[in-house]
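Student: Got a sequence here, can you build the structure:
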Amino acid sequence: MMTSLNKRAKQSTSAERKGERGYTLFGLLALMTLIALFATIAAPSIQQQAVREREQEAIFRGEEVAEAIRLYFRYTGRLPTSMEQLLEGVPRGTKKIQVLRPAAAIDPLTNDEWRLIRPRTQTMIQFQRAVMLYAGGRVPQTTRDPQLFARYGMQITNIVDTGSSGTTTSIEDDSANGIGEFIGVASRNRDESIITYYGIDHHDQWVFTPLFR
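Tutor: Numbers count the residues shown, from 1 in each chain. Below is the predicted model of the structure:
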């Protein structure tokens, strides 16, 4: 009699343990499903934030290059012809003044060199149009060196707001392989941006130049 009761007790305990394991497995699967669901929902937001941070870094570095161009012009009376000239610095007596740190010479959107923008190219014309549109149709001469704008700024008229949020038309890279002086830099990345720069929402159309800062 005791043996039979013991067997029944063991069988009952075994069944209870199997049931508990079943509930535990079900709970674990449910938890993993929820985690996977939350990860799927959060992934685009995390990716978007990463792109935003790279864009902010691109603007920061691009404006460093723009300031280096301004300083180079101020000390030498001419524009640089290569990024190496900015990295080498400008002569001041027997020494050279550093105007650009090495990290700023790299575009964080591509991890490659910036595209050099020459004066009065189609890229600069379209960028100045976008800046003027963003400023309500006027030229925002914000450079700290008026002589720079007087020499390299362009007279553009008939600026019309078409309601396109300031986006310029994508054009071919008209200055990537050119030679001579450059007035700014731009990214080679043609993706649509999250942040807008002077109302422009494509990376390759952001021009970092001392003419407008």
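
Student: Return the residues in contact with residue 211.
Tutor: Contacts of residue 211 were listed using C-beta atoms under 8 Å, 6 or more residues apart in numbering, and they are 128, 143, 148-149, 152-153, 183-184. C-beta coordinates here come from the backbone N, C-alpha and C atoms, glycine included.

Student: between the residues you listed, which has the most around it?
Tutor: Neighbour counts for the contacts of residue 211 peak at residue 184, which has 29 neighbours (criterion: other C-beta atoms under 10 Å).

Student: The closest residue to that one other than its chain neighbours and residue 24, how far apart?
Tutor: Of all residues not flanking residue 184 in the chain, residue 209 sits nearest, at 3.1 Å (C-beta to C-beta, 6 or more residues apart in numbering). For residue 209, the distance to residue 24 equals 63 Å [C-beta to C-beta, to the nearest Å].

Student: can you check residue 68 too?
Tutor: Residue 68 is 63 Å from residue 24, where distance means C-beta to C-beta.

Student: So between those two, which is more surrounded?
Tutor: Neighbour comparison, residue 68 and residue 24: the larger count goes to residue 68, with 25 against 10 (by other C-beta under 10 Å).

Student: need the contact list for the residue nearest to residue 197 when sequence neighbours are not counted.
Tutor: What sits nearest to residue 197 in space, not counting adjacent residues and going by C-beta to C-beta, 6+ apart, is residue 206, at 4.4 Å. Contact partners of residue 206, counting by C-beta under 8 Å, 6+ apart, are 58-59, 62, 186-187, 193, 197-198, 200.

Student: Redo those residues as JSON lines? Include distance to residue 49.
Tutor: Shown next, in JSON lines, are the contacts of residue 206 (distance: C-beta to C-beta, whole Å):
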{"residue": "58", "distance to residue 49": "15"}
{"residue": "59", "distance to residue 49": "16"}
{"residue": "62", "distance to residue 49": "20"}
{"residue": "186", "distance to residue 49": "24"}
{"residue": "187", "distance to residue 49": "19"}
{"residue": "193", "distance to residue 49": "14"}
{"residue": "197", "distance to residue 49": "18"}
{"residue": "198", "distance to residue 49": "23"}
{"residue": "200", "distance to residue 49": "21"}
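
Student: Which ones among these map onto helices?
Tutor: Judged by DSSP state H, the subset of the contacts of residue 206 located in helices is 58-59, 62.

Student: What are the buried residues along stretch 103-122?
Tutor: 104-105, 107-110, 114-119, 121 (16 or more other C-beta atoms under 10 Å).
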